[in-house]
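Chemist: Kindly generate the corresponding structure for this input.
(2 chains)
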2 protein chains.
Amino acid sequence: MARRPHQPGLDLTRRAATGLGLAMMASPSLAAGASVPRWGVHEIVLDGPAIGNPFVDVSLSAAFTDGQQTLNIAGFYDGAGVYRVRFSPPTEGTWRWRTRSNAPALNGKAGTVMATAPRPGDHGPVKVAGGYHFAHADGTPFRQIGTTAYAWAQQSDALCDQTLETLAASPFNKMRMCVFPNVAGEPIHAFAQTADGAWDFDRFNPAYFRRFEDRVRRLGALGIQADLILFHPYDEKTGFHAMTPARDDRYVRYLVARMAAFSNVWWSLANEWDLVKAKTEADFDRMGRLIQVQDPYDRLRSIHNWRDNFDNSRPWITHSSIQNGSAALDDARAEIYRSVWKKPVVFDEVRYEGDLEKRWGDLRPEDLVQRFWHCLVAGTYVGHGEVYDTRKTNAPGTWTARGGKLWGQSAPRLAFLKTVMEQGPTPGLDPIDRTWDQHLGGQPGTYYLRYFGDSAPGEWAVALPKDELEGGERFRLDVLDTWAMTVTSAPRPYVMAKRDAYFFHDPQQPVVSLPGRPWMAVRLVRLNTESAA
Amino acid sequence: MARRPHQPGLDLTRRAATGLGLAMMASPSLAAGASVPRWGVHEIVLDGPAIGNPFVDVSLSAAFTDGQQTLNIAGFYDGAGVYRVRFSPPTEGTWRWRTRSNAPALNGKAGTVMATAPRPGDHGPVKVAGGYHFAHADGTPFRQIGTTAYAWAQQSDALCDQTLETLAASPFNKMRMCVFPNVAGEPIHAFAQTADGAWDFDRFNPAYFRRFEDRVRRLGALGIQADLILFHPYDEKTGFHAMTPARDDRYVRYLVARMAAFSNVWWSLANEWDLVKAKTEADFDRMGRLIQVQDPYDRLRSIHNWRDNFDNSRPWITHSSIQNGSAALDDARAEIYRSVWKKPVVFDEVRYEGDLEKRWGDLRPEDLVQRFWHCLVAGTYVGHGEVYDTRKTNAPGTWTARGGKLWGQSAPRLAFLKTVMEQGPTPGLDPIDRTWDQHLGGQPGTYYLRYFGDSAPGEWAVALPKDELEGGERFRLDVLDTWAMTVTSAPRPYVMAKRDAYFFHDPQQPVVSLPGRPWMAVRLVRLNTESAA
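Modeler: Numbers count the residues shown, from 1 in each chain, chains lettered A, B, ... in the order given. Model (predicted):
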């Protein structure tokens, strides 16, 4: 389970502590000599008013400065008179802070914290890199292989433990998960309830969020990004998707104040936004801009569609989160989303591996893995999901609803895919000669990947579009069986020469034989240019 | 040649005329009793200063009002001391006008013009309709079947006449054409030249524009939209693509002042904007916004790409003008452009019919026609082009360079396609169940079109996605051979019943036999709903 080395826990600075509300695992450090690793979480704990409705009545923020930049960070009420401000230093060095509040007990508090070197193995938060890809703050590429378990975090502690064990043994490095569960979980909810059982949308339930952020933190310890879905249409019972705009905004602010300091957090405004009938595109746009303003760390932001694409050109959207299963079957479809919006694209829903009698949940594992490869060639990314019938698995739920165990066959193939990605260009592959049906991804001149999907060709004419080629370049050619997870290298290098006005090839070996099976790929990797001269 | 009935010529109001510069065909009418058909052109002619550089020194505009709305319309200098203001009334009724100018001779002139009923057959300018389609101002759908002859208007009068004859016998209703020619034409240019032959970018050549607008007017007489390309990268010799921003803006203003009153004008900021290395995306964005502000009629505006898509979400862009030949081969690719930008999409370059040894000009006619059908199913539109080798045709140029005659075989098939479009839903077809690989376009519940491209199926399972169906609906089924231009109707109606969770079909005839040829389509048209009850 300790596959990933770092443990980004919390460092707590407690001032005038009451001893209440500390469900965090790390011990509080003293304000005087407080230190926190870069990208970790330093928490200031303050006592303040508990009367009235602190969620509505009390404002709290702290300005953090290292002399070069100043971050204004909202605090939040954690119940029982306890207030917290969470800070994740973007750079090393000494940071001074000072609070502002409309409550005298919380106003004008000050202190310092030393941001030290990051924990070993912590590469920092993920940002957009190279326009269409992702990388950690230290430059390490982030090769997105996401999965989806919408309400895993709201399940029993035992089931959550099992989910985390499954993830630790998987290739997945991003989890799509709901803040408000879309299926039932433990009987604890995000909002308080009145005596008659009605929701009190003006009072959050801090215990719910403490439990939720514990899951996020544990994902972080595994190096897994937590793609937090703020709204979805599937909570008709609670109506959490249909609050007033003022309450929506308060929820957004509260969530950002609690969660933004966790460096593995991504914001997903909605799952299937266009099915959230109580909200308009303008509502989500308003909340997206609010997050952009509120989040001092500028974590990644997206919004996910059902049928109707959100306007992903909006400046607050950092990357596209798309549902379109058919686009993921053809790199020439997938890349259009990239080239129109000029942002990274994650196909976060492309139908799930499973055996349900629903067309969104009946993919063979081969068909799901296929989508990842097509989208890789397109320079885009995919999210996994799995829904095997629980009457057959006897599981408490499907993976994509509640987490637990994986029952399918796609995950090991996605681990193989991830290895191929990690051996590929940095920060990622781009489509090559993209409007000419080449079905090639990579970097012109140095790396080419051709994927054949469920066609089963007996050979392929090895022809590379002319961009960045002059002739004389030498390439290693590998035949990849993406299902059997094998790599077979050609015995001789391919030496490029001009074939015609548009292509280069090796006249000595113009075609490569393929085994006539589906799910094959061919990879060409440039060999040392010195020896080509 | 008189295929189309209306002749939107010019109506000229001449005040203090000098007798110079009137190359227009219609006679000037008197200011007192002036009248012009709605959507026609009423021209005010004024004498003013001829000294200095009137193109730079003199401002002129006229405010036209019918009491409800006021249009501010820029005038322009037409050489030899003659100034013109062109007005195209958007509504019937009496319009009063008054000029403003920094030249006393042009300032404070006033008059009225009566806008009468439009000429018979004139449906008015084309606007966006139904979000993704086009219609004339009177509501008549505009079914876009465009073609391209970049420098036709700059050729000899004889060749221009031939081009217009060809168009009159063709299905084409939009012409993409350059204001600055991309290949040589008659020795007359848009700008004056200094004594040493250098371009004087501060002085337009009115004779050039009079000749050019005559071509635009004659297209209008045929009911053909003139999609005017303002810039392109292929004038290295003249450098017209590389003027200063101030001169670019002056050119834009001049063009709008001269041309906007012609109701068949569309504005295309550039051909292959991303190859115009002297300009940035911001330059084109600035000019696009300038046109939006300057053009009182709000004519359609687009910009066309080479490899790099312009940000078509910009508010000034009314529809997308895309180059992507491979997207036009698959409706599921093509429709993505629509669904992301939520605007009409015209694939204005999808490779040309021809026999050149260039991959952009070697399409068989079948392959070009195929693209129109795929895009129709996607709810998008296509532009035609033709480049047969002039060493074989002995023509003075290819159609797409200089106009003249068509040598290919696609045009009649596009006429057949247009008939199918005209019999289809208003204002156009939309993709149906678009992310599930249905390859169906139409209107759910009433009209379905399935196109098979170069596959040659022997049968098709007639299954309609459930949206807008309840069971009991009756459809006529037609098998279309889009190459042979035949329509074969099934002997019995198809009566829909639920097949499964997602589809309806007719259990009595679940499949339709097809002839195993390429280029086939199947059309289902809802029959009278009364008789279905």
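
Chemist: In terms of helix, strand or coil, where does the residue lying closest to A:Pro171 once chain neighbours are set aside fall?
Modeler: Counting by CB to CB, 6 or more residues apart in numbering or on different chains, A:Ala415 is the residue found nearest to A:Pro171 once chain neighbours are left out, at 3.9 Å. The way it works is simple: take the backbone N, C-alpha and C, and place the C-beta from them, glycine included. When the structure is reduced to helix, strand and coil (DSSP: H, G, I helix; E, B strand; the rest coil), A:Ala415 reads as helix.

Chemist: Quickly note the distance from A:Ala415 to B:Asp202.
Modeler: A:Ala415 sits 66 Å away from B:Asp202, going by CB to CB, to the nearest Å.

Chemist: what does A:Glu281 give?
Modeler: If you go by CB to CB, the gap between A:Glu281 and B:Asp202 works out to 46 Å.

Chemist: Repeat that for A:Asp362.
Modeler: Distance of A:Asp362 to B:Asp202, computed by CB to CB: 68 Å.

Chemist: List the residues that contact whichever residue of the stretch 151-300 of chain A sits closest to chain B.
Modeler: For the stretch 151-300 of chain A and chain B, the shortest gap (CB to the nearest CB) falls at A:Glu281, measuring 10.4 Å. Contacts for A:Glu281 (CB atoms under 8 Å, 6 or more residues apart in numbering or on different chains) come out as A:Trp273, A:Phe310, A:Asp311.

Chemist: looking at chain A, which helix or strand is least sure?
Modeler: Within chain A, judged by mean pLDDT, DSSP states H and E, the helix or strand with the poorest mean is strand A:28-29; its value is a mean of 40.

Chemist: Contact partners for the nearest residue to A:Phe231 once chain neighbours are set aside?
Modeler: Of all residues beyond its chain neighbours, the one nearest A:Phe231 is A:Ala270 (4.4 Å), with distances taken as CB to CB, 6+ apart. A:Ala270 sits next to A:Ile229, A:Leu230, A:Phe231, A:His232, A:Val276, A:Lys279, A:Phe284, A:Ile303, A:His304 when contact means CB under 8 Å, 6+ apart.

Chemist: Chain B contacts on chain A?
Modeler: Applying the criterion CB under 8 Å from any CB of the partner chain, the portion of chain A that neighbours chain B consists of A:307-309, A:311-313, A:323-327, A:329-330, A:332-333, A:336-337, A:339-342, A:357-359, A:434-437, A:501-502.

Chemist: Just the ones in strands from the residues you listed, please.
Modeler: Counting by DSSP state E, the part of the residues of chain A next to chain B found in strands is A:Gln323.

Chemist: got the buried residues for stretch A:170-187?
Modeler: Judged by neighbour count (16 or more other CB atoms under 10 Å in any protein chain shown), stretch A:170-187 contains these buried residues: A:170-183, A:185.

Chemist: State the pair within these that is farthest apart.
Modeler: A:Pro171 and A:Phe180 (27.8 Å; CB to CB).

Chemist: And the residue in chain A positioned nearest to chain B, how far from B:Gln323?
Modeler: Evaluated by CB to the nearest CB, chain A has A:Ser313 as its residue closest to chain B, separated by 4.0 Å. Remark: distance between A:Ser313 and B:Gln323 (CB to CB) = 20 Å.

Chemist: These two: who's more crowded?
Modeler: Looking at A:Ser313 and B:Gln323 with other CB atoms under 10 Å in any protein chain shown, you find the greater number of neighbours at B:Gln323, namely 22 against 17.
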